[in-house]
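Q: starting from these lines, generate the structure:
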Amino acid sequence: MRVKVGGGTAGHNGLRSVRAHLHSSDFVRVRMGVGKPPGRKLGVDHVLGAPTKAERDELDVVVEVAADAVEVLVCEGPRAAMNRFNGNEPR
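A: Residues are numbered from 1 along each chain as shown. All right, here's what the predicted structure looks like:
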């Protein structure tokens, strides 16, 4: 999970839509990664497939941390959120 200001869309249609509506890539995002697909599994199947029990448990923790990051982002700003949350393991 990372807080980021600006950047490209990396092929993400939702980010393309946000960029098109704002006419800018200069917006704050809270990113949550899903890792690389195992073996020869396609990326789309990995991203859209149901998570395993272990992945679900980890995702639950990351969602809580992301919610905390959004709270800091709103109350203290992007720099404070990036300093506090980027590069840290979920707690």
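Q: from now on I want contacts and neighbour counts done on CA atoms only, so please keep to that.
A: OK.
Q: any regions of this structure where pLDDT drops low?
A: Along the chain, the model assigns pLDDT under 70 to residues 88-91.
Q: kindly state the beta-bridge partners for the residue most central in space within it.
A: Computing the C-alpha centroid of the chain and ranking residues by Cα atoms, centre = their mean puts Arg31 first, at 1.5 Å. On DSSP bridges, the residues paired with Arg31 through beta bridges are Arg2.
Q: contacting residues for it?
A: By Cα atoms under 8 Å, 6 or more residues apart in numbering, the contact list for Arg31 reads Met1, Arg2, Val3, Lys4.
Q: do that again at 7 Å, thanks
A: Taking Cα atoms under 7 Å, 6 or more residues apart in numbering as the definition of contact, the neighbours of Arg31 are Met1, Arg2, Val3.
Q: of those residues, closest to Val74?
A: Distance to Val74 across those (Cα to Cα) is lowest for Val3, with 12.0 Å.
Q: I'd like to know how far that closest one sits from Val61.
A: Relative to Val61, Val3 is positioned 16 Å away (criterion: Cα to Cα, to the nearest Å).
Q: same question for Ser24.
A: From Ser24 over to Val61 (counting by Cα to Cα), the distance is 31 Å.
Q: Val70 too?
A: For Val70, the distance to Val61 under the criterion Cα to Cα works out to 14 Å.
Q: please apply the same query to Gly77.
A: 22 Å.
Q: could you do Val30 as well?
A: With distances defined as Cα to Cα, the gap from Val30 to Val61 amounts to 15 Å.
Q: who's more crowded, these two?
A: Applying other Cα atoms under 10 Å to Val30 and Val61 shows that Val30 carries more neighbours, namely 16 against 12.
Q: wait, is Lys4 part of a strand?
A: Yes: assessed by DSSP: H, G, I helix; E, B strand; the rest coil, Lys4 belongs to a strand.
Q: thought it was touching Phe27?
A: No: under the contact definition of Cα atoms under 7 Å, Lys4 does not touch Phe27, with a separation of 8.3 Å.
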